[in-house]
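Novice: show me the folded form of this:
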Amino acid sequence: MDIETFPNPNPERNYTIQHIQEEFTSTCPMTGHPDYATVVFSYAPDEVCIELKAMKLYLHSFRNKGIFFEAATNQIFEDLFAVCKPRWARLETIWRGRGGIRSNVVVEDAQEGYDGPTTFPFSA
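Specialist: Numbering: from 1, shown residues only. Sure thing, here's the model as predicted:
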C-alpha cells in the first residue's frame, strides 16, 4: 500500500508532529481474537510529511491481519519511517488489556547527526 506524503512546509526548522490513531485493530495470530490499540506516531519531518488519510487507510489494512503486537509495531514503524524519511521518529502502540495484561511497544530511530527534540510533551 502506498502511503502518500506532501512537502514539508517548513523544512528549515526542527519541529515535531504527532499523529494519534485511537482505533487501531489487528487480529491475534494465536486466538483469532481482535486486538485493539492506540497508535502514536511522533516524528520530526525532513523533506516530506505524511498525509493523514493515507496513514489512516494504511493502519486500517491491519484490521484482519494476524500479527503479534511487537511485529505490528515494528512493521508500522518501518513502513512510516521508509516513506517519510524523518529526521527522528518514535512509534508507540498502547494495547488494550486482555487477560489482565496490558502491553506497550515503542520503536524509535533518527537520522545520523540529528540533535533536535526527541520527545513530545503529550502522549496518548
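Novice: Ala44 - how many residues pack around it?
Specialist: Neighbour count for Ala44, taken as other Cβ atoms under 10 Å: 22. Every C-beta, even on glycine, is put in place using the N, C-alpha and C of the backbone.
Novice: how about the one 4 residues further on?
Specialist: Each residue near Val48 was counted by other Cβ under 10 Å, and the total is 16.
Novice: partner residues bridging the closest residue to it other than its chain neighbours?
Specialist: Among residues not flanking Val48 along the chain, Thr5 sits closest, at 3.8 Å (Cβ to Cβ, 6 or more residues apart in numbering). As for beta bridges, Thr5 partners with Ile50 under DSSP bridges.
Novice: what sits against Thr5?
Specialist: Val48, Cys49, Ile50, Glu51, Ala54, Val83, Cys84 (Cβ atoms under 8 Å, 6 or more residues apart in numbering).
Novice: report the contact partners of the closest residue to the fourth one other than its chain neighbours.
Specialist: When the adjacent residues along the chain are set aside, Glu51 lies closest to Glu4, with 4.2 Å between them (Cβ to Cβ, 6+ apart). Residues touching Glu4, when contacts are defined by Cβ under 8 Å, 6+ apart, comprise Ile50, Glu51, Lys53, Ala54.
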